[in-house]
Structures are given as C-alpha cells and as structure tokens.
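>>> Build me a structure from this.
(chains A and B)
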Amino acid sequence: MTSPPTFLGMPPFPEAARSAVSNPQLRHNLRKATHTIRDKRAHVVGELSDWAELRAAGAAIKDRTLRRLDEYLLAAEAAVAAAGGTVHWAADAAEANRIVADLVRATGETEVVKVKSMVTQEIGLNEALAAEGIRAYETDLAELIVQLGDDLPSHILVPAIHRNRAEIREIFVREMAEWGVPAPPGLSDEPAALAEAARRHLRERFLSAKVAVSGANFLVAETGTLVVVESEGNGRMCLTLPETLISVVGIEKVVPTWADLEVFLQLLPRSSTGERMNPYTSMWTGVTPGDGPRDFHLVLLDNGRTDVLADTTGRQALRCIRCSACLNVCPVYERTGGHAYGSVYPGPIGAILVPQLRGVATGKVDPQTASLPYASSLCGACYEVCPVAIDIPEVLVHLREQVVEGGGHRAERAAMRAAEWVFDDAKRLRTVQRVAARSRRLLPRRAPGPGAAWSDSRALPEVPAQSFRDWWVRERGAPPARPPAAPAQPPVEKNRIEEDDR
Amino acid sequence: MRVGLFITCVNDTLYPRTGRAVVRLLERLGCTVDFPTAQTCCGQMHWNTGYGKRIEPMVAGFADTFAGYDAVVTPSGSCGAMIRDNHPRAAARAADPGLSARVAAVVPKVYDLTEFIVDVLGVTDVGAYFPHRVVYHPTCHSRRLLGLGDRPTALLREVRGLELVDLPGEEECCGFGGTFAVKNPDVSTAMGADKVRHAAGTGAEVLCAADNSCLMHIGGLMDRQRTGMRVVHLAEILASTAG
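This next block holds a predicted model:
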C-alpha cells in the first residue's frame, strides 16, 4: 500500500480548477449529484413555514454560544467527567493526533474503526496513526470509497461525490481484498450490489473492532452528551460495539442545552441530505456499565479556532454545522469539485474557514491558501441557502482585504491605485474616456497581460465613440449640471432600440 | 421629483446607449432627469477585490453628489447593491466621522431602475415595443441583494410584441463576478458557457438583464461561440417604442 495522498502541495485554486473544469466526467458527476441534493433540499425546506425563524434561531444560538464559548466548554468538560468520560484538550493537529495515538496504544490494539469525521480529516489523523503502526478503517460508505481508492475527499457530506458508480465498482473489485473481505465475484455497478459489497466488507470490521474513533455533530454542554447524525447506521455500530470510544470534536461544536439541539436537529438534515430527519441519531454520554464502550475519551480540538473566534466578522464561519448546502448550490464548486480547494473543507464554507484556520490574517499563508477567498463570484447563493445564515460573501471580501494587506499582488495593486486615481475625480475619468474613445480603433481585439484570460474565451466590448458623460454634456449643457427648471424636451424617438452607433 | 441618474462608470464608459435609454425612458414617464457630472464609480471593484479601505473618496463622492435629489436611479443591480449594502459599511470605518450620516441620508433614496418604475412611479406598462423573443437573466445582485423579484419580468410582460420565455437555471450565476472573471477565467468561462447554452436552448434572440457587467461577460461568450443571440440591457428594451 502506498502512503495516502494529502492536500499538501496543491496548486492555487485557479490552477487546480483548470484541470477540473476540463474533465467532462467530473463535471457530469458533480452536476448530477449537486443538483439532485439541491432539489431535494429545496423541497423539504419548502415544507416548513417557520424555516426563516429556525434559521435565525440557529444563527442566534451559535452566536451566543461562541461569545461565551469558554464557559460552555468548561461546563461540557465537567459534565463529561461526571458521566465517566475523560476530556483531553488539544491545541493543534499534532497534539490531537498524539493524544489519540497514545490512547489507542494504551489499549494494545493496532486497528481502529472510524465514524465519518471531518475533524479527523482536518488533522490528518489516519496518516498520523499509520505512522504509529495503527491502521484506521473508514466505515462510512463514501469515506470507504475514498480510502480504498487512495483518494481525497471532495465534499463534506459525500466525500466521493466526484466518483460515479462504475468507478466505485472498479475500486471495490481492485482494493477490497487488500483491506479485508473482498468484493463478491461478478460485482455489478448497481447501487444495491455495491451497497451489499460494502456491507459485507464492513460487517467483519465492526464485529472485530475493539477501538473506535468518531467525531460529533454536537456536544450538549449541560449533560456532556455527544451527538452524531448519519444515514447508514455504520456510525451507530462504531459507537456501540467497541470497548473504547475516542471522540475528536472541534470546540465550536458545543451547544448549551437540549432545547438548543432541537433547533439544529431540524436545520441539519433538511439542509444536508434533504431529509426531514436523518435515519440515525446517536447520542452518548460518558459510559454506562453493560451498555456500549467501557472507556470513553473526548478530545476537544482548537487547531486555529480561537484565532477565528477573535475576528468578529470571520467568526461567523464557526457557526457552520457542516451541512454542505453551500457546496451543493455553489456554481464554482459545481464546476471544480472539492479537490481544487486543497482542503477537507471545500466549497464556499471551505473558502472562508480554511484561510482563517491557516492564519490568513497573519499575511504569512501560502499562495494556495491566499487564493481561496477569491474562489467565488460573490453570487450569494451560499448565504441564501445557509441554515445558520453565515454571510459567506461578506467574510470572503473581509478575507480578501486580509490577503491584500498581507502583500497581495503587485500588478493588481498598481492597477487598483490607477483606478482610484481615475475614479476619485470625475474630470480625470472624462479625460481617460476621451483618450480611450480617440484610440479605440487602435485597441487590440485580444487583450495583453492578465486581460488575456478574458479575451481568450470572451470578446471584449468595443469602446464607444462617445461616453455617456460626453453625450449628456453636449445634449444637456455644460457642467456643472443643474436640474432643469422644466421637464426637458424628450429626444426624438427612434422606432426601435438605437442601432449600434459606435 | 428630481431624479438623479447614477449611470455607473461601466455604463458611462462602455455602454452609453444604456444611459441614453434610461434618460429617454424616464423622461417619457414624466420624470425630470439629471446626470450630475461629478459622479464617478461606486467602488465595487475595489471593495470586492479586497481594496475596500481605499474607497472612502468614492463613497463620499457618491453621497455628496446625490445628496440633493429626491431619488437616485441606477441601471445596474450590482452597483445599486454596492451602494445599499456596502457604502454604509465603508462609511462606518472611514476617517471622516460625518460620512456615515451623509451615506445614511442618500442610501434610502437609491433605486434600481425597475424598482423606481414599479414602486415609485407605479407603472408596469411603459409603452414599449420590442418584437423579439427574449429571455431575462436575473443577475445575482439584482435578485439576491436588491431583491428585485418579479419587477423586471412584470415590466417585460407589458412590452408589445415581446415574447418572454423562461431561462432554465436562471438563478445560477453567469460567472462574471467582477475580477473573478479575470482571476478564475476557466471557472468563469465554464459558468458563462452553461448560461449561454441554457439561453440558446430557448430559441430566444435576445438575453436581457438589468446589469451591463454581466451582459458584457455573457455577450462576449455569445460572440465567440457564434450563437446568433445578442444581449440587450433591460432599459434599452423598455425605452424602445414603435414610434
């Protein structure tokens, strides 16, 4: 087995996007999948008359919690300990990975089963465990496909969204035997047959595992209860069968009370899978003799989150409940898929969360990270769909300012300065327009420099002979313009829109 | 009512026909129209690219230029949204402590052209004649930030001779996005190509929108792809008459 791939060394977004955009199979897979989930979501959200109120409540609860996060985390720690669990605090990925590896080693085991978890992907836990001689088995179907395919996840909810069923069949046939129960002979690419092959493969895993690693969707502070919502039931198998359970959870996952949880259990499944309720909701509180794991550990992870918390505009990214609705509706994500974002958090939420976690405000991030806030046309579809009302376009622009302040791009900075000089004075603007109009026949049809990116695929507009400003001044009098005393005479009407008068 | 036109720097420089159409249309509807020549740019390009701290002179210039009008009308959804949503934000952190109040005084008077016609003038039939099959593309900022809703299509439905056909995937961005089109040309082009494909599939001759920036991108693609379709600003359709 080769070492698993990582997002490290990914090129900046525009470059990574170029190959994705030119891959017709990928485009087809993404379009089909995102539009299916998008339509399902719109349908079930439309069923609720109080969706706007739920959305506002979700945002308000998250904001209130984030403002007093320290208090709620300490309350959660006390509750988990009182219920027989052990809480560990991890400042960064390395510390979290070391804690988990030490806990697994203490059990004497060299294998763990995993519930699908974004946060363990974020910290590269599987790779860190492999370096310690511990093999981590993903049990979520899509994560399994990614793991067997020696691939990277490309979606928050459906990590293998970029694969179609023919590709999945091929991966199963090729790889399953290496990891455990092999694919049955003559496996077809029918969804039911693929699911059955995965079920047989995973069943052996669940029944033999002594240690499980999970994330959590929520941590209820008042009782120390963790919550995982899922569709397949593999998570519940992992959470109940092993002897030791280790849950790695980002500090922003805390909700104060069960009454708060009620709001999110309505917002999440409808936004995420387009279901009224998710098929499995598992909750666990410490340990209970004779029922479930005998040993429970909670690793609370910071990994840049307190830095995000300190930015009052960027902080709203921590409201995210990882539903992935913003990915499914994003026209940019639809054309590039998740790998182009170079992170386990792709799409609009990734474009605002990842630069912050990696410290974009310090001005010392790599070009790939600095390219992420620009991976959006600011169309606003993500904000419209977000169940906790994260104003993603606002944060994108805010992060672009941080990129610019960190140095930005020299040619762009010069161009912006020149534009400011023109726009700060109407007389200068008129002069520039006149120069452009006078030399318009000399302007090339294909633009040089960075503008070539435009004219390679799109015709440039022609510069007209006369700006509006010049027309107005000639027709309606010299500046400074004053409002006419009486309504002006309407100009002579033409019997259709003006012909091209350039 | 003194109507000040904010024609926008893009329209002023590249699409003067749109501005002339707006003047013709509003005067036909009985308005007294003025174009204060001190206007320049709303600062959107700077703001959206991360240079928002540099636009204070543009924000102040806009607020002061249009302070004396009863209404400020603009034929650009994205510039209208920039003023409404972001001028107050820019003013709040400006060095000039009085700027917020000046911006707050002018912002409520800023209307998109279609808002002004439908909401203020109370008109949907503007007496236009345009005998063509047309699709309307509700640009993202017109639709989501300004919330123009069905005002543009209500106006188009009253145009004599015009056959309005639905645009599949109309809610999807065309891929312009200001400097996004230059910074991410491949994705931008892919988005625009899908928009053009959807539009061409309707058999329409004309794609119209309330923002020339998006039309520049869509029209530039149509031109290269030789679709035979053309783009026309909504104002130019509404201003056209049978004579």
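
>>> what helices or strands is the helix or strand bottoming out on mean pLDDT in chain A leaning on?
Among the helical and strand segments of chain A, the one scoring lowest on mean pLDDT, DSSP states H and E is helix A:452-455, with a mean of 81. Secondary-structure packing of helix A:452-455 (3 or more Cβ pairs under 8 Å, 6 or more residues apart in numbering or on different chains; DSSP states H and E): helix B:180-183. Quick note: C-beta positions are derived from backbone N, CA and C, even for glycine.

>>> Is there proximity between the helix it packs on and chain A?
Yes - Helix B:180-183 is in contact with chain A by Cβ under 8 Å from any Cβ of the partner chain, via B:F180, B:A181, B:V182, B:K183.

>>> Is there a neighbour count for the residue nearest to the second one when sequence neighbours are not counted? I'd like the number.
Distance criterion Cβ to Cβ, 6 or more residues apart in numbering or on different chains; nearest residue to B:A181, sequence neighbours excluded, is B:S188 at 4.4 Å. The criterion is other Cβ atoms under 10 Å in any protein chain shown. On that basis, B:S188 has 31 neighbouring residues.

>>> same check, this time on A:R400
Around A:R400 there are 25 other residues, counting by other Cβ under 10 Å.

>>> who are the neighbours in contact with the spatially closest residue to it that is not a sequence neighbour?
Excluding the flanking residues, the one nearest A:R400 by Cβ to Cβ, 6+ apart is B:G50, at 3.1 Å. Going by Cβ atoms under 8 Å, 6 or more residues apart in numbering or on different chains, B:G50 touches A:P373, A:V397, A:L399, A:R400, A:E401, A:Q402, A:V403, A:V404, A:G408.

>>> same thing with A:G380?
By Cβ under 8 Å, 6+ apart, the neighbours of A:G380 are A:P393, B:C140, B:H141, B:R144, B:L145.

>>> Contacts only, for the residue nearest in space to the middle of chain B.
Geometric centre of chain B, nearest residue: B:S76, 1.7 Å, by Cα atoms, centre = their mean. By Cβ under 8 Å, 6+ apart, B:S76 lies in contact with B:T8, B:V10, B:N11, B:D112, B:A210, B:D211, B:N212, B:S213.

>>> chain center to the helix or strand where the second one lies, what's the gap?
Counting by DSSP states H and E, the secondary-structure element that holds B:V10 is helix B:9-14. Here helix B:9-14 is found 12 Å from its chain centre; the criterion is Cα atoms, centre = their mean, to the nearest Å.

>>> tell me which strands and helices that helix is in contact with?
helix A:426-438, helix A:468-476, helix B:16-28, helix B:212-225.

>>> Tell me the pLDDT of residue 212.
By default, I'm working from chain A. Per-residue pLDDT puts A:A212 at 98.

>>> You answered for a different chain; I wanted chain B.
For B:N212, the pLDDT comes out at 98.

>>> remind me, longest helix of chain B?
What stands out as the longest helix in chain B, according to DSSP state H, is helix B:185-201.

>>> ok, whichever helix or strand comes after that one: who's next to it in the sheet?
The helix or strand immediately downstream of helix B:185-201 is strand B:206-209, counting by DSSP H and E. Under the criterion DSSP bridges, strand B:206-209 sits next to strand B:133-136 (parallel), strand B:230-233 (parallel) in its sheet.

>>> can you redo these as a markdown table with mean neighbour count and distance to A:Y333?
Output for the strands paired with strand B:206-209, formatted as a markdown table (neighbours: other Cβ atoms under 10 Å in any protein chain shown; distance: least, Cβ to Cβ, whole Å):
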| stretch | mean neighbour count | distance to A:Y333 |
| --- | --- | --- |
| strand B:133-136 | 21 | 25 |
| strand B:230-233 | 21 | 26 |
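
>>> TSV for the ones you listed, including distance to A:A81?
Listed next are the strands paired with strand B:206-209 as TSV, based on distance: least, Cβ to Cβ, whole Å:
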stretch	distance to A:A81
strand B:133-136	61
strand B:230-233	65
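
>>> can you list the domains in chain B?
As given by automatic domain parsing, the domain ranges for chain B are B:2-120, B:133-239.

>>> quick one: A:R305 and A:C320 touch, right?
No - the criterion here is Cβ atoms under 8 Å, and A:R305 misses it with A:C320 at 11.2 Å.

>>> pLDDT below threshold where in chain B?
Across chain B, the ranges flagged by pLDDT under 70 are B:243.

>>> Roughly how far does the residue lying farthest from the centre of it sit from B:A91?
Largest separation from the mean C-alpha position in chain B: B:P97, at 30.3 Å (Cα atoms, centre = their mean). Using Cβ to Cβ, to the nearest Å, we find B:P97 at a distance of 10 Å from B:A91.

>>> Same check on B:N184?
Separation of B:N184 from B:A91 (Cβ to Cβ): 30 Å.

>>> What is the neighbour count of A:D295?
17.

>>> Tell me the confidence at it?
pLDDT at A:D295 comes out at 98.

>>> What residues does it make contact with?
Counting by Cβ under 8 Å, 6+ apart, A:D295 makes contact with A:T107, A:E243, A:T244, A:L245, A:V287.

>>> Summarise which helices and strands the longest helix of chain B is packed against.
So helix B:185-201, by 3+ Cβ pairs under 8 Å, 6+ apart, packs with helix A:13-21, helix A:331-336, helix B:212-225.

>>> mind checking which of the ones you listed is nearest B:V22?
When those are compared by Cβ to Cβ, helix B:212-225 sits nearest B:V22, at 11.3 Å.

>>> Do any residues in that closest one lie close to chain A?
Yes - interface with chain A: helix B:212-225 contributes B:M216, B:H217, B:G219, B:G220, B:L221, B:D223, B:R224 (Cβ under 8 Å from any Cβ).

>>> Return the distance of that helix from the chain's centre.
15 Å.

>>> Spatially nearest residue to residue 206 (excluding sequence neighbours)?
Here I'm looking at chain A. A:M237 is the one closest to A:F206 (Cβ to Cβ, 6+ apart), at 4.4 Å.

>>> let's do chain B instead
B:V134 (4.7 Å).

>>> Tell me how far that neighbour lies from B:A209.
From B:V134 across to B:A209, the span is 11 Å (Cβ to Cβ).

>>> again, but for B:V10
Look at B:V10 and B:A209: by Cβ to Cβ, they are 13 Å apart.

>>> quick one, phi psi at A:V213?
Here is the backbone geometry of A:V213 (degrees, to the nearest 10): phi -120, psi 130.

>>> thinking it is in contact with A:V248, fair?
Yes - A:V213 lies in contact with A:V248 (Cβ under 8 Å); the separation is 6.8 Å.

>>> residues near A:R441, how many?
Residues contacting A:R441 under the criterion other Cβ under 10 Å number 9.

>>> actually B:E171, sorry about that
Neighbour number of B:E171 under other Cβ under 10 Å is 15.

>>> Tell me if I am right that it is in a helix.
No - judged by DSSP: H, G, I helix; E, B strand; the rest coil, B:E171 forms no part of a helix; its state is coil.

>>> Which residue, other than its chain neighbours, is closest to B:Y111?
Ranked by Cβ to Cβ, 6+ apart and with sequence neighbours excluded, the top spatial neighbour of B:Y111 is B:V73, at 5.3 Å.

>>> Helix, strand, or coil at the one you found?
From three-state DSSP, the assignment for B:V73 is strand.

>>> Next, the contact list for it, please.
Taking Cβ under 8 Å, 6+ apart, we find B:V73 in contact with B:V3, B:G4, B:L5, B:F6, B:V22, B:L26, B:Y111, B:D112, B:L113, B:F116.

>>> what's downstream of the host helix or strand of A:L226, the next helix or strand?
Assigning secondary structure by DSSP H and E places A:L226 in strand A:225-230. Using DSSP H and E, the helix or strand that follows strand A:225-230 towards the C-terminus is helix A:234-240.

>>> Now do the buried residues in that following helix.
Counting neighbours by 16 or more other Cβ atoms under 10 Å in any protein chain shown, one finds that the buried residues in helix A:234-240 are A:N234, A:G235, A:R236, A:M237, A:C238, A:L239.

>>> Take those and write them to CSV, including pLDDT.
Output for the buried residues of helix A:234-240, formatted as CSV (pLDDT from 0 to 100):
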residue, pLDDT
A:N234, 94
A:G235, 95
A:R236, 95
A:M237, 95
A:C238, 95
A:L239, 95
